[in-house]
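Novice: starting from these lines, generate the structure:
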Amino acid sequence: MLRSLTVSLYQRAQPLICFTSRYCSSNPAENKLTVNALYNLSVDISKIRKLKAWVLHQHPAYVMEAAALLRDLGASGPVVARVLELHPEAILCRPEHLEAQKELWMSVCASQRHLVGIIEKFPASFFTSPCRLDSQRANVMFFQSLGLNKRIVAKLMASAPQSFSRSVKQNQEMIQTLQKTYLELGGNETSLKVWLQKLLSQNPYMLMKPPEALQNNMMFLQDRGFTSIELLQLLSKLKGFVTEVQPESMGLSLGYSQKILGCTDTELRQIVLKSPALLYYSVPILADRFEGLLGAGISLQQIMETPTVMELTTQIVQYRIQKLRSHGYDIRTGSLEVLNGTKKDFEMSFGKLYLRRERPLFNPVAPLRTDE
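Specialist: Reported below is the predicted structural model:
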């Protein structure tokens, strides 16, 4: 009885015991060597405890080995600390696996600096499970066999690591479907590689979709009257997002847009070719954007002429209209093209309009005024 009470009191007192090392661990079950090593690397351990505390309890851990590999690649001390804070699981990778990963990644990276940049942004893509290594190697060889640029392969590995962890056969099926679709729609062999490269770089996640998704969507669009040339144009403009939607959702979006615009099927197809985003915006998003544009005094005819304005959020459209209006530009009677594009594009267009209004064009044949 007395012995049991003593043990119980001792166990309750354990959390109060402070280690004599440079860092006092708040959890006696944590790996003290791991915590101290991370502390010496200036890693914010509180962030790890908050999000991934389980990592600090693992034995063994390879903190110094992971840090050494990053430093050998040229990473600075702060970069090493940030990587380990963002992805502490890195310290659980065995040194031999890290070397194998380094060798694999350097086969697609332009330089060690390039690889460090990738690890800093996508640490989970580099510090992976050893059981995925064979699949990674096989997929790298497959994508290189397609003649894809090294940077594209590296981007795919970094942003869509799941596609490199699965079997090569699955990626082959999707790539072959893309190639077959491109050629059947009228694309030529000489430009196929460039087109495929651009498509994958714009949306790496399309590799994770089943080939049937692409085929079903192409059939749906064909049934809506799009020609092969128009489908090829859409496939390129949609940047791979054609695999992210379903025939049902596209049908609802197209039906809603046509009802609001009051246009014919032919007119609707031309509008979609100018702004393919209308295919994958949901009805609530379309409703909000139509309402915002019409509320600003913009006509349906203007929207039909410049449908790309629908790709801007209502807040952005309102801000840009107000800015133009404050300088005397009436969007209700002018072109909507000035609203389009990125923030930089708009500022450039706005600047040209402002200069044009402040500085009339010089007429070289007009008589000069002279003071008498």
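
Novice: dihedrals phi and psi, residue 128?
Specialist: phi -110, psi 180 (degrees, to the nearest 10).

Novice: was I right about it contacting residue 161?
Specialist: Yes. At 6.8 Å, residue 128 counts as touching residue 161 under the criterion of CB atoms under 8 Å. The way it works is simple: take the backbone N, C-alpha and C, and place the C-beta from them, glycine included.

Novice: quick check: the residue lying closest to residue 167 once chain neighbours are set aside vs residue 69, distance?
Specialist: Leaving aside its sequence neighbours, residue 167 sits nearest to residue 135 (CB to CB, 6 or more residues apart in numbering; 6.6 Å). From residue 135 over to residue 69 the distance is 22 Å, taken as CB to CB, to the nearest Å.

Novice: again, but for residue 332
Specialist: 61 Å.

Novice: which one of those two has more residues nearby?
Specialist: Taking other CB atoms under 10 Å, residue 332 and residue 69 do not tie; residue 69 has more neighbours (22 against 11).

Novice: may I ask you to confirm that the more buried one is in contact with residue 100?
Specialist: No. Between residue 69 and residue 100 there is no contact under CB under 8 Å: 11.2 Å.

Novice: and the next helix or strand past the helix or strand of the chain with the lowest mean pLDDT?
Specialist: Lowest on mean pLDDT, DSSP states H and E among the helices and strands of the chain sits helix 2-13, with a mean of 39. Remark: after helix 2-13, the chain's next helix or strand is helix 32-40, criterion DSSP states H and E.

Novice: list the buried residues in that following helix.
Specialist: By neighbour count on 16 or more other CB atoms under 10 Å, the buried set for helix 32-40 is 34-39.

Novice: just the closest of these to residue 322, please.
Specialist: Of all those, residue 38 has the smallest distance to residue 322: 50.1 Å, by CB to CB.

Novice: how about the closest one, what does it touch?
Specialist: Residue 38 sits next to 45, 48, 63, 84, 91 when contact means CB atoms under 8 Å, 6 or more residues apart in numbering.

Novice: which residues are contacting the host helix or strand of residue 134?
Specialist: Assessed by DSSP H and E, residue 134 sits inside helix 133-145. With contact meaning CB under 8 Å, 6+ apart, helix 133-145 is reached by 97, 100-101, 104, 107-108, 128, 150, 152-153, 156-157, 163-168, 171-172.

Novice: rounded mean pLDDT for that helix, please.
Specialist: What helix 133-145 shows for mean pLDDT is 95.

Novice: contacting residues around residue 279?
Specialist: For residue 279, the contact set (CB under 8 Å, 6+ apart) comprises 234, 238, 242, 245, 250, 253-254, 272.

Novice: give me the nearest residue to residue 86, chain neighbours excluded.
Specialist: Closest residue to residue 86 apart from its sequence neighbours, by CB to CB, 6+ apart: residue 123 at 5.6 Å.

Novice: thought the one you found was touching residue 93?
Specialist: No. Applying CB under 8 Å, one finds residue 123 not in contact with residue 93, separated by 10.8 Å.

Novice: if you count neighbours, what's buried in stretch 88-97?
Specialist: Buried residues in stretch 88-97, counted by 16+ other CB under 10 Å: 88-93, 97.

Novice: cool, and stretch 223-234?
Specialist: Within stretch 223-234, judged by 16+ other CB under 10 Å, the buried ones are 224, 226, 230-232, 234.

Novice: want to throw the residues you listed into a markdown table with secondary structure, pLDDT and distance to residue 194?
Specialist: Converted to a markdown table, these look like this (DSSP: H, G, I helix; E, B strand; the rest coil; pLDDT from 0 to 100; distance: CB to CB, whole Å):
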| residue | secondary structure | pLDDT | distance to residue 194 |
| --- | --- | --- | --- |
| 224 | coil | 94 | 28 |
| 226 | coil | 95 | 23 |
| 230 | helix | 93 | 20 |
| 231 | helix | 92 | 19 |
| 232 | helix | 90 | 14 |
| 234 | helix | 88 | 18 |
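
Novice: how about those, which pair is most distant?
Specialist: Maximum pairwise distance among the buried residues of stretch 223-234 (CB to CB): 15.2 Å, between 224 and 232.

Novice: now for the nearest residue to residue 55 once chain neighbours are set aside: which residues touch it?
Specialist: Excluding the flanking residues, the one nearest residue 55 by CB to CB, 6+ apart is residue 88, at 4.3 Å. Residue 88 sits next to 48, 52, 55-56 when contact means CB under 8 Å, 6+ apart.
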